[in-house]
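Undergrad: coordinates only, sequence not included:
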Ligand SMILES: [Zn+2]
């Protein structure tokens, strides 16, 4: 088989396209392939598809293709231009690449696979392209996926905010909790950022959302109440967020008590911060003995911790009625604890109680998006590498958006 025929088949070229010439440079470890077309032939207009005569040819362009036995392979062609009566002079679509891409479709598909497995830098190194090119490939894949995504609101929505860059900046995330995917990400954690995330849904769309798991974060709450019809019965203040607030309260109590104890020469609480923050069943064994001694002591922190652990049982109640009864006991205990940070959380939960207890109607938590958290955590660690928020957003949607990222191998002519 001649090398031109081999490459015609490798590239999947059909009439009118064929391979005219192949050059191999063993020093540069590079293969160059030139595609040509037969003539005369009519070409479909890229806008309207009507058959048009050839106008001229553009300057030669180059597309990076999959390597041939580790030789970088580049496809060259002069793309015909047609003159459409309605659209004027246009470059025709080529069958091996998407418009304006510098890579063949097969290369893009492969690059997407590589990018899914590693960082942008890692992929750039493997693929022999620049960081910018790798990122651009990723961003295009995301755009493609977003354009294809079914336009329907999630039945169960999760709203989350995440600190990035050491807590100095936040992002708002809207998730589809049933599918376990991120729908949109916006910078900041304000009304505007949430509206940006929801922007492509109409009020009618949003009325179809059946439940929303979220934190008691006022800008988000008022936004959801404003845009989601029937929000009162749909908002579920998320148990993970509520327990996180209690964890902060325990930590405040500990810090205060630690200061007090140390002034008396007692350093029992020094270095204990993390032990108090674990859910009891997750406490690593190495802390077990020390922590047992602390939590069974008469320390105020131990009392705050017990109240926190007890709150977690609210969501294990079998029925709404049982939860209400259980809540009354817990609330009495918390508000009589003489621990200001604990009382504060108790008051906050109480004032939001009806939408905490909607849990017993909808049975949802952001736990669904916890699965996404590990990926996002990893992306955050690399966040410094993303250079800008749009890059970070593209990476999140690329890895967690559940999108159809690949270019169609046979684009419409
Ligand atoms: Zn046209």
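TA: On my side now, so go ahead. The structure presented is a predicted model; accordingly, all values stated were derived computationally and were not measured. Numbers count the residues shown, from 1 in each chain.

Undergrad: how about the residues of the stretch 51-200 of the chain near the ion?
TA: With Cβ under 5 Å from the ion as the criterion, the stretch 51-200 of the chain meets the ion at residues 84, 86-87. For glycine as for every other residue, the C-beta is placed from the backbone atoms N, C-alpha and C.

Undergrad: Name the nearest of those residues relative to residue 155.
TA: The closest of these to residue 155 turns out to be residue 87 (Cβ to Cβ; 41.6 Å).

Undergrad: between the residues of the stretch 51-200 of the chain next to the ion, which has the most around it?
TA: Within these, neighbour counts (other Cβ atoms under 10 Å) peak at residue 84, which reaches 20 neighbours.

Undergrad: packing partners for the helix or strand hosting residue 374?
TA: Applying DSSP states H and E as the criterion places residue 374 in helix 367-381. When contacts are defined as 3 or more Cβ pairs under 8 Å, 6 or more residues apart in numbering; DSSP states H and E, helix 367-381 packs onto strand 156-164, strand 169-176, strand 181-187, helix 389-400.

Undergrad: again, 6 Å this time
TA: Where contact means 3 or more Cβ pairs under 6 Å, 6 or more residues apart in numbering; DSSP states H and E, helix 367-381 is packed against strand 156-164, helix 389-400.

Undergrad: just the angle between it and strand 181-187, please?
TA: 50 degrees (axes from the mean of the first three to the mean of the last three Cα atoms, to 10 degrees).

Undergrad: List the contacts of helix 367-381.
TA: For helix 367-381, contacts defined as Cβ atoms under 6 Å, 6 or more residues apart in numbering pick out 158, 160, 164, 175, 177, 180, 395, 399-400.

Undergrad: switch the cut-off to 10 Å
TA: With Cβ atoms under 10 Å, 6 or more residues apart in numbering as the test, helix 367-381 has contacts from 119, 156, 158-160, 162-166, 171, 173-182, 185, 213, 238-240, 366, 383, 385-386, 392, 395-396, 398-402.

Undergrad: Please spell out the ChimeraX selection for the buried subset of those.
TA: Of these, the buried ones go into a single ChimeraX selection, burial set by 16 or more other Cβ atoms under 10 Å:
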select :119,156,158,159,160,162,164,171,173,174,175,176,177,181,182,185,213,238,239,366,383,386,392,395,396,398,399,400,401,402
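
Undergrad: got the helices and strands packed on helix 367-381 as a markdown table, with mean pLDDT columns?
TA: Shown next, in a markdown table, are these (pLDDT from 0 to 100):
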| stretch | mean pLDDT |
| --- | --- |
| strand 156-164 | 87 |
| helix 389-400 | 89 |
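
Undergrad: export these to JSON lines and tack on distance to residue 292?
TA: JSON lines is the format used below for the helices and strands packed on helix 367-381 (distance: least, Cβ to Cβ, whole Å):
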{"stretch": "strand 156-164", "distance to residue 292": "32"}
{"stretch": "helix 389-400", "distance to residue 292": "39"}
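
Undergrad: What is the burial count for the residue of the stretch 201-350 of the chain found nearest the ion?
TA: When distances are taken as Cβ to the ion, the stretch 201-350 of the chain reaches nearest to the ion at residue 202, 31.9 Å away. Residue neighbour count, defined by other Cβ under 10 Å, stands at 12 for residue 202.
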